[in-house]
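**Student:** need the 3D shape of this:
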Amino acid sequence: MTVTYHSDPSTPSFKIKPVSFVFADDGSVPNNRLPFLLYKSAIALENGNPEQAIEDTFHANGWGQTWRNGIFDYLHYHATVHEVLGVARGRALVRFGGDHGEDFEIRKGDVAILPAGTGHQRLSASDDFVVVGAYPPGPQMQISRPTPENYRLAVQSIPEVALPDTDPVYGSRGPLVELWKKRS
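**Tutor:** Numbering: from 1, shown residues only. Have a look, this model is predicted:
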């Protein structure tokens, strides 16, 4: 796993700069050459309906097909689409990158952006844990578990997944757009 903290002075100024992680293909979970991005406290959720605030942010930046729930407690990935997870309530310990990945505590206001193929699994969560998920325009999300056949199909489909035009939090000039273009 490679960890990079972004503070490039040529990057537009954002309230929250992402921390990026590149997880290796472990032969079971393909992960991606594009970095997983984690924005800590990216969305202020002081009052009102936090789920709606996150949905509104994602929709305003071109990410749709939103849903509200938790994160599955089994290892899975999405080989046909990139995914964003915004924490609306509570906290959870989530393993990103598959069995050989890293465990992260995510909390209310945090946003995780998973490039297609990134393994993820909830290890534990508070009783009030809720995330809002969304996807850039494109194919429908499909859940893949780590099996030899799913892996074979995923390594073929992941390179075909289009880069999103926008960052789900910061829009067309957001860090995701620049960081992912550099890696593609």
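**Student:** where in this protein is pLDDT low?
**Tutor:** 1-16, 184 (pLDDT under 70).
**Student:** hey, where'd the strands end up in it?
**Tutor:** Per DSSP state E, the chain carries strands over the ranges 2-5, 19-22, 36-39, 64-69, 83-89, 91-96, 102-107, 111-114, 120-125, 130-135.
**Student:** got CSV for these, with distance to residue 52 and mean neighbour count too?
**Tutor:** To be clear about C-beta, it is placed using only N, CA and C from the backbone, and glycine gets the same treatment. Formatted as CSV, those follow (distance: least, Cβ to Cβ, whole Å; neighbours: other Cβ atoms under 10 Å):
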stretch, distance to residue 52, mean neighbour count
strand 2-5, 31, 10
strand 19-22, 27, 19
strand 36-39, 19, 24
strand 64-69, 10, 14
strand 83-89, 9, 24
strand 91-96, 20, 19
strand 102-107, 19, 16
strand 111-114, 15, 26
strand 120-125, 21, 18
strand 130-135, 9, 23
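**Student:** residue 57: which of these is closest?
**Tutor:** Among these, the nearest to residue 57 by Cβ to Cβ is strand 83-89 (7.3 Å).
**Student:** direction included, what does that closest one pair up with?
**Tutor:** strand 111-114 (antiparallel), strand 130-135 (antiparallel) (DSSP bridges).
**Student:** what sits up against the longest one?
**Tutor:** In this structure, residues lying in contact with strand 130-135 by Cβ atoms under 8 Å, 6 or more residues apart in numbering are 50-51, 54-55, 58-59, 63-71, 81-90, 92, 141, 168.
**Student:** same thing with the shortest one?
**Tutor:** Residues outside strand 111-114 that contact it (Cβ under 8 Å, 6+ apart): 18, 36-39, 42-43, 77-78, 82-87, 94, 96, 104, 106, 120, 167-169, 176.
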